[in-house]
Structure formats: C-alpha cells, structure tokens
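Visitor: what's the 3D shape of this:
(4 chains)
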Protein chains: 4
Amino acid sequence: MLIVLHHWATEKDVAQIKKIIARHGLRPVAIPGAERTAVGVVGNQGYIDDTPFRDLKAIYEIIHVTKPYKLVSRDFHPADTVVKLGRSVKVGGKSPLLMVAGPCAIEGREQIFKTARFLKKLGVPVLRAGAYKPRTSPHSFQGMRDEGLRLLDEVRKEVGILVVTEVMSPEHVGLVAKHVDILQIGARNMQNYDLLNEVGRTSKPVVLKRGLSATVEEWLSSAEYILLAGNPNVILCERGIRTFETATRNTSDLSIIPLVKGISHLPVIFDPSHATGKRALVPPMAL
Amino acid sequence: MLIVLHHWATEKDVAQIKKIIARHGLRPVAIPGAERTAVGVVGNQGYIDDTPFRDLKAIYEIIHVTKPYKLVSRDFHPADTVVKLGRSVKVGGKSPLLMVAGPCAIEGREQIFKTARFLKKLGVPVLRAGAYKPRTSPHSFQGMRDEGLRLLDEVRKEVGILVVTEVMSPEHVGLVAKHVDILQIGARNMQNYDLLNEVGRTSKPVVLKRGLSATVEEWLSSAEYILLAGNPNVILCERGIRTFETATRNTSDLSIIPLVKGISHLPVIFDPSHATGKRALVPPMAL
Amino acid sequence: MLIVLHHWATEKDVAQIKKIIARHGLRPVAIPGAERTAVGVVGNQGYIDDTPFRDLKAIYEIIHVTKPYKLVSRDFHPADTVVKLGRSVKVGGKSPLLMVAGPCAIEGREQIFKTARFLKKLGVPVLRAGAYKPRTSPHSFQGMRDEGLRLLDEVRKEVGILVVTEVMSPEHVGLVAKHVDILQIGARNMQNYDLLNEVGRTSKPVVLKRGLSATVEEWLSSAEYILLAGNPNVILCERGIRTFETATRNTSDLSIIPLVKGISHLPVIFDPSHATGKRALVPPMAL
Amino acid sequence: MLIVLHHWATEKDVAQIKKIIARHGLRPVAIPGAERTAVGVVGNQGYIDDTPFRDLKAIYEIIHVTKPYKLVSRDFHPADTVVKLGRSVKVGGKSPLLMVAGPCAIEGREQIFKTARFLKKLGVPVLRAGAYKPRTSPHSFQGMRDEGLRLLDEVRKEVGILVVTEVMSPEHVGLVAKHVDILQIGARNMQNYDLLNEVGRTSKPVVLKRGLSATVEEWLSSAEYILLAGNPNVILCERGIRTFETATRNTSDLSIIPLVKGISHLPVIFDPSHATGKRALVPPMAL
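Guide: Model (predicted):
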C-alpha cells in the first residue's frame, strides 16, 4: 500500500501515519518527492484494510499494490489448473477448446432432448440450459425451475452429455448439484457471497460468469471465495461488461482473456452469445 | 414494442412477423417508412417477451416501449407512497427529510452504543450499521454477523432509535427482520431475486440500494419484485453508479432523484457517503 | 421517429403532436397501446430533428429510428468500398489483411529509417508514426511536428513504404497531405468537424479512429462528414472505448467490427496496441 | 512514480530499473514488499514520461503520483482565481452565483433579441447562444455561423448583456473574440489542443466544458494548456459524462465540483440543461 500525502502535509502528519502503520505490525517507508511525500507500507502478508487511514486529512490518495486475492493467483500457483468435467472432458491448460451450447431456458421435454441429441451428434460435450432464470422483471417467465432440473437430469443420463445450469440461491445448491454436472454462477450473482461460499463447499465444477460491471480484480476475488471455501474447480467465463455502447448488448474485450490467464491459473472461457446479444455476431466472435 | 425491419425486408417478412404477433394474441400495426418498415405491437397487458422475434433475420432492431414494472409506476399508483418507519417516523410524500447515519460495520458494543446515543441527541431517527458485510475479498473482515445483529437489537431498545441493517441471504431474512426495524438490500444484491422475494414476504420497510451498474429501469424492476411479493414498503436509495471516472468512488447523478420520483410513487433517498467515497465531499453533497 | 406519450396524455395532446408533424411535411401514424399511445412519424427522407417536440409535456420518450448518416450506410451503397493506398496496396472488401506498424512518435532520423527498413523487409506495407502528438499534458513532448513531417516524406521516398500520420488541425491538412500517403484523424478529434470537413476536401485516404467514448452511430456520422465533403476514401479504425475497467487501457469489443461491416460499406481496421496498452496483449489480439 | 515489479523479478531486474531512473537524472528508492518489490522515483519536477519503462518485462504496474498539470493546481496557486467578465461581473472565489442562460442555437434576429431582453430584465448577466454548432450528423443544421456571430455582437451592444458562444476551430478564434465577451470550448473539443493553444493566446475569458468521457485529470490538463499559453481566465464547466445510464442524457455528479475546487483554484460552473437533457429536470438540478 502506498499512502500519498497532500503537498502541505507536515512532518507531524508523516510521523502520525508511520505510527499507525507500526501499530498494525507493519513497516513504513517514507518516499519524499519533489512536490509531495508518500509513505509505503511493507511487511504485510496480504491485502491491507485502509480504514484506519481514511479519515486523516493529510492523506491525498491511498494506492493498493497487493491484490484482494491470493489462491487464484499465479504468484501462488504457477501451473495452469485443469478442471475435469465428468469422466473424460477437461478444460484449462493445454486441453482442447471446450464447446458449450444450448438454449437460454428449458422450455419443455421435447426441446431439451432434441437439442441434447443434436449437440451429442456434433460432438459438443456440454449442454447448457436454464432451469431457474434470473429475470429483470418479475412479470417475465422465471424458468421451469425444479421441473426443469429433473429434465436436465434425465437428458444427461439418457443422451450421455454433460449438463451445466445456473444456481441462484444458496439453498438450491445441494439440489442442483445432485441433478447436473456443472454449476453456473450468473453475472448478477457474481458478488452473492453466500452463494459463492455454498458452491465452494461442493466439489462440482463451477462456471463463474463475470459481473456486468465487475473489474477483473473483483471477478478474481469472487473466484477466491470459492477456492477458499474448498472447491478448486472454478472456470472463469467472460461475457462482456456494461458500457455506454448499446450497439451490442455488452462490450466484450477479448484481450481480458490473455490478461486474466497471465494473472490466474484458472481456465477462462468466453460466452459469445450473451456478449453480443445478436445472432449474426456469434459466429465471428466464436472463432 | 416496435419491431424495425432491415431496408431489404420483403412483404413476406412483414407478413411472417405479423403472423407471430397475432399468434401471441396481440395486434400488429405496420408503420411504413421512407427507408424501412416498422411493425408496432399493440394490445399487450405488460412487457412483451421478444424471444420469438430474436432469430428473424429481417429484423433490424426491437424497441421496447412498455416497461418491465407496473406496481412501482405512477401510472398505476399516482399518489406518493409514504413508508412508516417504527411508530412515528415517515419517509416519502411531504414527510420531512429523513436522516440516516452510522458506521459502515458494527465493530463492538461500545462503538455502536456511543454512536446511537450521539445520533439520538442530534435528532437523527435512524441508525445504520452493518452486521453482515459484503466484501470484495474473502480475506477482509466479514462483519460481526449474528453477534452484531444482537447488538443492534439491544441498542435500538435501550437507546430508542430505529435501526437499519443489510441482509445478504434469503435464509437470514427472518432472523434479521426480528432484530431490526428496517431491512437493507445492498447494491451487489439488487438483482438477487430470491432475496427480493424473501423480503417481499415480510412487511418490514426495505431500503433497496441501486446496483453499481443498474439502469433506472432495472432498479425499479427489482423494487417491483418486492411489491409483487406483497410488501409495499420499499424505499429506493441512490448511491451512485460505476463509470470510467475514478476521482470519486461512484458517480452519482442527483437528477436521477426527480426523474425517478416522476416515474414512481416510492420514496427515494440518497447515500452521500458511499456515493463519493471521500469524507470531505459528504457535507457538500448532503445538502 | 416514434413519439411515445405519457399514459395520461389526452386526445388533444395527440392531435397537437399530429399537427406539428404535419406542419413539417411529414405523416403521423397513431399507435394506440394498452397503457400509452405512441405516434410514429413517416415520410421523412432522413434524420428528423426532434427540437419541435422536446418541450411538449405529454411526451414520455422520443425514439429515433432513422440514422444520422446515409452515405456511409450499406442501405445506399451495398457493395464493399475498397480504398487504394498508394499504387498497389488496397484495404476493404476481399483485399488481404492490411498490416500497419510503427512507433507512437517520430523521435529522430535514425529511429524512423531503421523502423521503415525493418518493416519493408517484413513485408509490412504501411508505416505509422506521429509527427504532431496529441498529449493530455502540455508538459509532455508534443512531437517533432514539421520536422517530423519532412522525415516521413524522406523515408517514404527512400525506403519505398507508405506512410500514415495524424493531422490535428484544419490548417495543417494541406501541408500534411503533401508529405504523407494516408491521413489519420485521432480519437480525440473524431468530432472535430472543421478538421473532418478539411480532410474531406482532399482525396487522400483517411484513417478515422473511433473516439474514446463514441457510439458506433457517432463514429459513422463522423465518417459521413468526410464523405459528404467529397472524399470517399475513409478507413474506420477501432481502438477501444473508455469504460470502468482499467485492467487494460481501453476496452475493445471486436464484435463491433462485424457489426459495423454489416451497417457500412467502409473498410474497418483494428489497432491492437492502443486498444490494450500492454505489450504482451498485442500478439494475442492481433490474430 | 511508483514502479511495481512482478513477484518473480530478480535483483538484476531491480538494478536495471534503478539504472534507467538514474540515467534520467532521477533518484530510485526500492520498497521491498512481502510479495513483490516496488521502486519509487523521486526528485522529478513534474509528470514523468513512463515510455522508457513500458517494455521491461519485470514490471507489473506503473503508478503515477505526480499529476499532468501544475498551473491550474492549488499546490502552486492556493487562492481562488476570480475571472472578470465584462466590466462588473465576476465568477470564482466569493463572487455571487453566476447565471448563464439562452438558446442552444441562434435561429434569427427576433429570437435572440427577445431572449436577451428577457434575460436582461431577469437580471441574468450572461447570454449564451450558439453561432457555430457542433452536430453529430452533417445533415443537421450547423448554426447561422458568421451571421449568428454578427447578431451576437449587435445584441450585446444594444441590450447591454454579456455574450458567450462556442468557438470550434483555431482559425475562428480571432473573429469570434472580436464579436463576443466570453469564448466557449465545447465538450467535443476539450482535447483539441490547437484550439486550446489559440484561445490561450487571447485574454478573453474561456468557458472550458468537460469532455463527455474526460476524467477530472484530463479536464484540468486541458485547462493547463490555456494557462500555459498565457490566458489565466479559465472557467471550468461541468456538464455530465457519458455512462451506461440513458435515463438522463449525461450523468452529472455534482460532487465533482467540490472535488475540483479542492484541487484547482479555477472557478467551476455547472450546466444543468446539457447535463440532464430533460426540461423538467433542469429546475431541481439548478438549485
């Protein structure tokens, strides 16, 4: 952490800050500049809470250098994590590109069996389909819920395809985990910490979608919750962020993928249909 | 809903779209333009799901005119809603400005009692303090949780002040509602629909904070969940949105407040401390 | 244009709006809905100015359907535009991928000759290098300016490579056009309309970079200025937009490229170095 | 400037960075951390160009502490700047709130004289009206241009009111400055550096509007251009930024005003009509 002082800060202000740092068992390093002084904080094991400093008037800016995550970082786990899905499918590291496809929502038995058989024939190993649907409006269709879940269980057993579905509430995690192969945390629930902890207590693979307005740091910190709770099988899924541009549904910067792969050992996948929101743009972005 | 067609769309395309509209029990109105044709959809009772149209190639753009909320709208409830907090405090309509103050998190008995007594003396009717804290990093302090809740219950009874605290999980709603006067849904949980439904099943006043990247439409739609579940006592709380500007923590446009008051009958309050994230900016924004 | 009325709008309001539309030589079409009435405007040749309507209280929302550009649109020019650079290089349509490379700023004769010869050897047909540099701070290096321009002219003649450089002011356009093969409008000047008009009066190819916060519609409208002024040789260049995410310098959504190619016949290129701002991310994004 | 290294950086990497810093006449200070090392740069007079460091692989992040502006900062000019408009009107410091009003564009003699006389009667000291209009589409009305300018000159002399108008091109600055009292730089031209330099060479008061996607730092840096060119009479004008929210035209965070007043000595005004884009929201935001 770097604490930058106002240009008018006095020796006394610097001394006070150093004292607070020392009181927290850390070591202050003064960095005098031409215009202003900064005080570096060293000796910390992880992210430092800046609350004790927030109210000091002499402070101009607090800059965090240490990140709020640790287990997901390559600093602590240099090799790529490979997540096993079912018996033979793998994602991450040098595994082949994972294809996932399927309808937004399960609408009925015929639809889901037809889709699953079609994907199976194409060699797509994972079917995605929503049983519980998070909807902006309570007046919209909320999914087939428990009945959809049972259909997913049937389809995966009969057709022999892996199934991923979204789980929206901590109390549903146990039930959903029984019926499908892979759990999904949707973008709106990326910072639903009780839900993250709950899927962290299972050993099922978890697809963690990036929140609509989540920074990379926040996304990785949410993955950290799952790993810290005991489940290392996290797959990050980029699906675009919300920006002023409305020509596409979300703005998805693919350069985030190599960036995240540089910071973290977790596998990263991309959702081209939610990212663009336009059918014609899916094929060019999926390549 | 207005369906705008590509300039190359044919009579046949228009006919097909009209047929789909009619199949859903609605009435199509063609609006031929100089460059392209649009088809309006009339006769709907509420928000129309555009899924049946999404895959038609001839469609250039779908524009929703009806909103995804109804109960929160002034169209259906023209008079201001006044929410009663405790026995004598009110918010909304012509009620006096509501003051809410308190620490981010409960840190101990002494801190919370001292604060409550100080606010009581100043005439501030509501104390806010976090028992469960949503934190980006799992390595940060997560709040005093159940113990904090008990402290809040003690302090409100002994000091005679109303208490509001955040609830983060559907399964905690019952417990939290027993110990405090007002429930708060935090910005990260604004679209946690199971949580919204659960607080909607109580009759406690609910402060619904605007999500970090929520549009006004989404914010009001989340309030709609609570009203639809049976609880009309919703207080909207603006706290700024995430933008490219990092000079303040969030960007809070106060013009949103008269705008929302024009659309909805619900009371709207403003959180100047979370909005700015800087102590010195709270007094000028609180005026 | 679609004019949506408040639910409380009266027959008289509708009549007034229809009258204003008619007064402007256009035809109104009423679209009565369950909750509110909308009035469509038909018969217009292009973008309609909504000023006459802005002050009518009965209006809830004005939705533009016609776009503010025409010449750049595929509606009016279905075939791909191919822009000729120098005698043999082409961009657009089925031309091979255009490679452009070079330093941000010209720093001296040796640097620019060495770079140009290296690119020539690699088969890269276009050298980019800044003579005039737009800089956030007036205290930063502003480029070698006129002297840099003369170096570019020398290098292109001696090495036999095409040269592109940014022009920042209408009065420089003539001079810059004499010394280089391709003009560039930088992101900060995308809406500098006098500059757009001035490059529109030349016949030089123009690379028009997307503004930091420009919508696709605004970007295409800026290209429209150049075409309308008489120069059809515009190459659009995506370089990312400004969002809340600071992990990369800009957020660049590649799906914008197929989207723009669907709307416009102009060639579109991508700048992976300005988009990411990180050296390690350039190769994965350039593929 | 603080240079943060990757956790795997070696002693040799640190030594190399220190050498580069020293070569630029600055002093390096190593700040060893638990996880990674940082190197502070001290002894600089102003903003440091980070180009020499950008290509070093061992660098994880570069954090700038010094700002890209100096003359506009309170660090170098603690007292409020008061800008004199005409003979008796002042803005800044303890001057009374400045009212500016008028139409977006000059549309004719009658309109502008009527408005000016009305404002004069109300005691509004400054009339704003556009002669040159920056328009997204070249097909929209571009203003009455030179003729509008002559009308402004007439109106200010006959009615006795100060006049402000936008100048869009460096070559127009001389002409516009002859006809009006105050120059305005519009949001789209906030980073048109040749224009900033040109108005900086006059002594006319300049209203500098904040760019649609400009950070506070960039806005102040643009003001720095004008001051550095010799004109200290700059008035900053906040008008909102572009965000994902489309319920209002722009998002305008009023907390930016006390924030900027803390950093800079320049006067700051607010434009409630461009900020909200909705007539009904102007009065509540203007208070």
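
Visitor: quick check: closest non-adjacent residue to A:Val65.
Guide: D:Val4 (5.5 Å; Cβ to Cβ, 6 or more residues apart in numbering or on different chains). Heads up, the C-betas are built off the backbone N, CA and C, glycines and all.

Visitor: wait, isn't the one you found in contact with D:Glu61?
Guide: Yes. When contacts are counted by Cβ atoms under 8 Å, D:Val4 is listed as touching D:Glu61 (4.4 Å).

Visitor: now the common contact residues for those two.
Guide: Counting by Cβ atoms under 8 Å, 6 or more residues apart in numbering or on different chains, the contacts common to D:Val4 and D:Glu61 are A:Val65.

Visitor: show me which of the two is the more surrounded one.
Guide: More crowded of D:Val4 and D:Glu61, by other Cβ atoms under 10 Å in any protein chain shown: D:Val4, with 20 against 13.

Visitor: so that one belongs to a strand, correct?
Guide: Yes. Per DSSP: H, G, I helix; E, B strand; the rest coil, D:Val4 lies within a strand segment.

Visitor: so who does it touch?
Guide: With Cβ under 8 Å, 6+ apart, D:Val4 has these contacts: A:65, D:36, D:38, D:59-63.

Visitor: which of these are buried?
Guide: Buried residues within those, counting neighbours by 16 or more other Cβ atoms under 10 Å in any protein chain shown: A:65, D:36, D:38, D:59-60, D:63.

Visitor: about what we covered before: same list, the contacts of D:Val4, but as CSV with secondary structure and pLDDT please.
Guide: Conversion of the contacts of D:Val4 to CSV gives the following (DSSP: H, G, I helix; E, B strand; the rest coil; pLDDT from 0 to 100):
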residue, secondary structure, pLDDT
A:Val65, coil, 71
D:Arg36, coil, 74
D:Ala38, strand, 81
D:Ile59, strand, 85
D:Tyr60, strand, 80
D:Glu61, strand, 80
D:Ile62, strand, 82
D:Ile63, strand, 79
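
Visitor: which one of those is nearest chain B?
Guide: Each of the contacts of D:Val4 was scored against chain B by Cβ to the nearest Cβ, and D:Ile63 proved nearest at 12.6 Å.

Visitor: do I have it right that A:Thr246 meets C:Glu218?
Guide: No. Between A:Thr246 and C:Glu218 there is no contact under Cβ under 8 Å: 11.9 Å.

Visitor: compare those two (neighbour count), which wins?
Guide: C:Glu218 (20 against 15).

Visitor: that's a helix at the more buried one, yeah?
Guide: Yes. With three-state DSSP as the criterion, C:Glu218 is part of a helix.

Visitor: and for the closest residue to it other than its chain neighbours, the neighbour number?
Guide: Nearest residue to C:Glu218 in three dimensions, chain neighbours excluded: D:Thr136, at 5.5 Å (Cβ to Cβ, 6+ apart). The burial count assigned to D:Thr136 is 21, neighbours taken as other Cβ under 10 Å.

Visitor: just confirm D:Thr136 is within a strand.
Guide: No. The assignment for D:Thr136 is coil, going by three-state DSSP, so no strand is present there.

Visitor: report the mean per-residue pLDDT for stretch A:210-224.
Guide: What stretch A:210-224 shows for mean pLDDT is 95.

Visitor: how long is it end to end?
Guide: Separation of the first and last residues of stretch A:210-224 by Cα to Cα, to the nearest Å is 13 Å.

Visitor: ok, now stretch A:86-104?
Guide: 22 Å.

Visitor: and it, how far from the chain's centre?
Guide: Between the centre of stretch A:86-104 and the centre of its host chain there is 17 Å, according to Cα atoms, centre = their mean, to the nearest Å.

Visitor: who touches it?
Guide: Residues contacting stretch A:86-104 (Cβ under 8 Å, 6+ apart): A:79-85, A:111-112, A:115-116, A:119, A:123-130, A:133, A:162, A:164, A:181, A:235, A:266-267, A:269, B:51.

Visitor: which of those residues are buried? Put it as a PyMOL command.
Guide: Per 16+ other Cβ under 10 Å, the buried members of those correspond to this PyMOL selection:
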select buried, chain A and resi 81+83+85+112+115+116+119+124+125+126+127+128+129+130+133+162+164+181+235+266+267+269
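
Visitor: residues touching A:Leu56, list them.
Guide: A:Leu56 makes contact with A:13, A:16-17 under the criterion Cβ under 8 Å, 6+ apart.

Visitor: looking at the residues you listed, which is nearest chain C?
Guide: For those, the residue nearest chain C by Cβ to the nearest Cβ is A:Ile17; the value is 26.1 Å.

Visitor: secondary structure class for that closest one?
Guide: Once three-state DSSP is applied, A:Ile17 turns out helix.

Visitor: show me what the residue lying closest to it once chain neighbours are set aside bridges to in the sheet.
Guide: Nearest residue to A:Ile17 in three dimensions, chain neighbours excluded: A:Val39, at 5.4 Å (Cβ to Cβ, 6+ apart). Beta-bridge pairing of A:Val39 under DSSP bridges involves A:Ile3, A:Ala30.

Visitor: in stretch A:237-257, what counts as buried?
Guide: Residues A:237-245, A:247-257 are the ones in stretch A:237-257 that count as buried (16+ other Cβ under 10 Å).

Visitor: among those, which ones are in strands?
Guide: Counting by DSSP state E, the buried residues of stretch A:237-257 place A:237-238 in strands.

Visitor: in helices, which of the buried residues of stretch A:237-257 appear?
Guide: Per DSSP state H, helices hold the following members of the buried residues of stretch A:237-257: A:256-257.

Visitor: pLDDT weak spots in the stretch 101-250 of chain A?
Guide: Along the stretch 101-250 of chain A, no part satisfies pLDDT under 70.

Visitor: tell me the residues of it that contact chain B?
Guide: Contacts of the stretch 101-250 of chain A with chain B, taken as Cβ under 8 Å from any Cβ of the partner chain, map to A:104, A:134-141, A:168-171, A:188-189, A:191-194, A:211-213, A:217-218, A:221, A:224-225, A:228-229, A:242.

Visitor: can you give me the helices in the stretch 101-250 of chain A?
Guide: Assigned by DSSP state H, counting those that start in this stretch, the stretch 101-250 of chain A shows helices spanning A:109-122, A:145-155, A:173-179, A:193-200, A:216-228.

Visitor: how about JSON lines for the ones you listed, with distance to D:Ile21 added?
Guide: Listed next are those as JSON lines, based on distance: least, Cβ to Cβ, whole Å:
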{"stretch": "helix A:109-122", "distance to D:Ile21": "57"}
{"stretch": "helix A:145-155", "distance to D:Ile21": "59"}
{"stretch": "helix A:173-179", "distance to D:Ile21": "52"}
{"stretch": "helix A:193-200", "distance to D:Ile21": "42"}
{"stretch": "helix A:216-228", "distance to D:Ile21": "28"}
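
Visitor: so which of these is nearest B:Val207?
Guide: With distances scored as Cβ to Cβ, the stretch of the helices of the stretch 101-250 of chain A nearest to B:Val207 is helix A:193-200 (19.2 Å).

Visitor: mind giving me the packing neighbours of the closest one?
Guide: Under the contact criterion of 3 or more Cβ pairs under 8 Å, 6 or more residues apart in numbering or on different chains; DSSP states H and E, helix A:193-200 touches helix A:173-179, strand A:182-185, helix A:216-228.
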